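1. Here you go, sequence then predicted model.
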Amino acid sequence: MAEVNISEARKAYGTLSVLHGVDIEIRDGEFVVLVGPSGCGKSTLLRMVAGLESITGGTISIGGKVVNNLPPKDRDIAMVFQSYALYPHKTVAENMVFALRLQKQPADVIKQRLQAAAETLDLVPYLDRYPRQLSGGQRQRVAMGRAIVRSPQVFLFDEPLSNLDAKLRVQMRKEIKELHQRLRTTTIYVTHDQVEAMTMADKIVVMQGGKTEQVGTPLELYDRPSNTFVATFIGSPS
Ligand code: ADP
Ligand code: MG
């Protein structure tokens with residue numbers, strides 16, 4: 001079980017309070033999108049789930065276990081960022097298995113997981129290439145491959161597509177959704193793009209100014225926005 005529970009989560013950077021008590025329940029296998037304007041605290045919240053930021057107040061639990069004080073390496077999660085810096089001097093295969101080597105996984109496990117991830121992401125023909133020899137979409141897939149090989153309980157995405165052009169963004173949305181349909185890994189996906197949220201989410205969390213405004217399915221938000229902010233945000237063109 002890998003449900004994620006965020007309860008009364010608060011965050012302050014020094015005297016600046018940026019999250020003011022956020023509650024989000026994410027079920028096992030759910031694809032939840034956090035959406036909201038720039039600066040509303042999405043990345044901060046995601047980084048708290050990952051263990052990359054300390055938690056000022058409240059609790060975060062993964063799979064029923066409170067993780068507030070667990071370092072990132074002891075949380076069963078993998079994160080994909082917008083700036084998915086690949087190692088330029090390592091091949092695709094080496095990039096993908098780097099974390100597994102650090103974990104000192106046995107060679108046969110590494111080989112098997114690499115093969116499975118490469119097949120899932122259509123990267124088999126590219127395993128011996130270097131990042132500079134790949135297209136933007138292929139590089140993005142390698143970045144996802146690095147997360148997949150770890151078979152985490154939870155995937156965290158922070159605006160993974162915002163550096164891609166519009167056409168590729170649409171294609172990658174589809175690929176990420178297909179991946180989720182296949183793996184059913186609990187996913188928290190952050191974006192400031194409401195179209196991305198509406199097309200990808202099982203459940204959307206609309207955030208503003210360090211609080212959640214509304215939580216619901218895309219249809220619920222579209223049909224019954226709980227306030228003008230949600231209505232305007234969801235309804236505006238991206
Ligand atoms: P979002 O991802 O929604 O754009 P962030 O979580 O990055 O928002 O930022 C939320 C707020 O916290 C912003 O006001 C931002 O300036 C502030 N902030 C983010 N990271 C830090 C930090 N390391 N130190 C101080 N303030 C920060
Ligand atoms: Mg952000």
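-> Looks like it came in fine. Numbers count the residues shown, from 1 in each chain. Ligands and ions are numbered 1, 2, ... in the order given.
2. Contact partners for residue 12?
-> For residue 12, the contact set (Cβ atoms under 8 Å, 6 or more residues apart in numbering) comprises 18, 56. Using the backbone N, CA and C atoms, a C-beta is placed for each residue, glycine as well.
3. That one falls within a helix, correct?
-> No: counting by DSSP: H, G, I helix; E, B strand; the rest coil, residue 12 is located in no helix; its state is strand.
4. roughly how far apart are it and residue 73?
-> Taken as Cβ to Cβ, to the nearest Å, the spacing of residue 12 relative to residue 73 amounts to 25 Å.
5. check which helix or strand covers the residue nearest to the spatial centre of the chain.
-> Among the residues of the chain, the one closest to the centroid is residue 157, at 1.8 Å (Cα atoms, centre = their mean). For residue 157, the host element (DSSP states H and E) is strand 154-158.
6. Does anything pack onto that strand? Which helices or strands?
-> Applying 3 or more Cβ pairs under 8 Å, 6 or more residues apart in numbering; DSSP states H and E, we find strand 154-158 packed against helix 42-50, strand 77-80, strand 186-191.
7. relative orientation of the lengthiest helix in the chain and strand 186-191 in degrees?
-> Using DSSP state H to define each element, the chain has its longest helix at helix 166-183. With axes from the mean of the first three to the mean of the last three Cα atoms, to 10 degrees as the basis, helix 166-183 and strand 186-191 are set at 170 degrees to each other.
8. For helix 166-183, give the mean pLDDT please.
-> The average pLDDT for helix 166-183 rounds to 90.
9. Give me the helices and strands touching that helix, please.
-> helix 107-120, helix 136-148, helix 194-200.
10. again, only using 6 Å
-> Packing contacts for helix 166-183, counted by 3 or more Cβ pairs under 6 Å, 6 or more residues apart in numbering; DSSP states H and E, involve helix 136-148.
11. who does the strand holding residue 157 pair up with?
-> Paired neighbours of strand 154-158 in the sheet (DSSP bridges): strand 77-80 (parallel), strand 186-191 (parallel).
12. Switch these over to TSV; also include mean pLDDT and distance to ligand 1.
-> Output for these, formatted as TSV (pLDDT from 0 to 100; distance: least, Cβ to the nearest ligand atom, whole Å):
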stretch	mean pLDDT	distance to ligand 1
strand 77-80	91	13
strand 186-191	97	7
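13. This protein against ligand 1: which residues are in contact?
-> Proximity of the chain to ligand 1, by Cβ under 6 Å from any ligand atom, involves residues 13, 16, 18, 36, 38-44.
14. From ligand 1, how far out is the nearest residue to residue 182 once chain neighbours are set aside?
-> What sits nearest to residue 182 in space, not counting adjacent residues and going by Cβ to Cβ, 6 or more residues apart in numbering, is residue 120, at 6.8 Å. For residue 120, the distance to ligand 1 (Cβ to the nearest ligand atom, to the nearest Å) stands at 28 Å.
15. pLDDT score assigned to residue 120?
-> 87.
16. ok, residue 79 - how many residues close by?
-> 22 (other Cβ atoms under 10 Å).
17. what's the closest non-adjacent residue to it?
-> residue 156 is the one closest to residue 79 (Cβ to Cβ, 6+ apart), at 4.3 Å.
18. Run through who's touching stretch 193-210.
-> 18-20, 24, 30-36, 40-41, 173, 177, 191, 212-215, 218, 221, 229-230, 234, 238 (Cβ atoms under 6 Å, 6 or more residues apart in numbering).
19. ugh, wrong one, I meant stretch 64-73
-> Here stretch 64-73 has contacts from 50-51, 55, 59-60, 75, using Cβ under 6 Å, 6+ apart.
20. The same query, at a cut-off of 8 Å, please.
-> 1, 3, 50-52, 55, 59-61, 74-75.
21. helix, strand or coil for residue 37?
-> coil.
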